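[1] Sequence and predicted structure are below.
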Amino acid sequence: MESGGSAELVAAASGGDQLAWEGLVHRFGGLVWSVARAHGLSAADAADVSQTAWLRLVEHLHRLRDPERVGTWLASTARHEALRVLRRAGRELPVGDEAELEPRGTVVEPPDAKALASERNELLWKAFAGLPPHCQRLLRVLIADPAPSYQEVAASLQMPIGSIGPTRARCLSRLRRLADL
């Protein structure tokens, strides 16, 4: 059932179809998670935000005005919940954890590769920390797997769809300059 359109998945899930619900989670789980993490939440807080967003969807599933835009609805709900968590905690946005972006693999590397990669990552994270917060949030959301649509990104970050690509390009250009790559 996962291969259907979002509206079909919503309708089936609303009718109690567990496979449709799993399809929604598979399709939009990465987006919800990335929106929470884009706001600088810890893994535990991001998990809470994610769980709350899915709970809200269960509560509102049968009342969605445009079921085809369920991803946008989830992104917006996750963003609102993340902001609520941040307000409640009264803290500033941390820059993240190196392990978030590094893939885990079983490839054996040359002995100096780890040291070089570690040095490169350290420089990259320092450069990333030097980016404005809006760039950090945008880049974090855009690396979600599966990749969110620009419509979902626009909803989660409250920015016009037409500015996502140019803003991304400027942020990456600035990151390259800061990292001197």
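    Arrived safely, thanks for sending. Numbers count the residues shown, from 1 in each chain.

[2] Hmm, Ser149 and Ile161 touching each other?
    No. At 9.2 Å, Ile161 does not count as touching Ser149 under the criterion of Cβ atoms under 8 Å. All C-beta spots, glycine's among them, are computed from the backbone N, C-alpha and C.

[3] average pLDDT across stretch 64-74?
    Mean pLDDT, computed over stretch 64-74, is 91.

[4] contacting residues around it?
    By Cβ atoms under 8 Å, 6 or more residues apart in numbering, the surrounding residues in contact with stretch 64-74 are 5-7, 9-11, 24, 27-28, 31-32, 53-54, 57, 60, 148-149, 151-152, 155.

[5] For Ala47, list the residues it contacts.
    The contact partners of Ala47, by Cβ under 8 Å, 6+ apart, come to Ala36.

[6] give me the element it is part of.
    Using DSSP states H and E, Ala47 falls within helix 43-60.

[7] list the buried ones in that helix?
    When neighbours are counted by 16 or more other Cβ atoms under 10 Å, the buried residues of helix 43-60 are found to be Asp45, Ala46, Asp48, Val49, Ser50, Thr52, Ala53, Trp54, Arg56, Leu57.

[8] Of the residues you listed, just say which sits nearest to Phe128.
    Taking Cβ to Cβ as the measure, Ala46 is the one of these closest to Phe128, at 17.7 Å.

[9] Give me the distance between the nearest residue to the closest one once chain neighbours are set aside and Ala169.
    In this structure, Ala46 finds its nearest non-sequential neighbour in Ala36, 3.8 Å apart by Cβ to Cβ, 6 or more residues apart in numbering. According to Cβ to Cβ, to the nearest Å, Ala36 and Ala169 sit 25 Å apart.

[10] do the same with Arg84
    Here the distance between Arg84 and Ala169 works out to 31 Å (Cβ to Cβ).

[11] so the residue nearest the centre of the chain is in which element?
    Taking Cα atoms, centre = their mean as the criterion, Ser34 is the residue nearest the geometric centre of the chain, at 1.6 Å. With elements taken from DSSP H and E, the one containing Ser34 is helix 18-38.

[12] That helix versus helix 43-60: what angle between them?
    Between helix 18-38 and helix 43-60, the angle comes out at 140 degrees (axes from the mean of the first three to the mean of the last three Cα atoms, to 10 degrees).

[13] Show me which positions of helix 18-38 end up buried.
    Taking 16+ other Cβ under 10 Å as the neighbour-count basis, helix 18-38 is seen to contain the buried residues 20-21, 23-25, 27-38.
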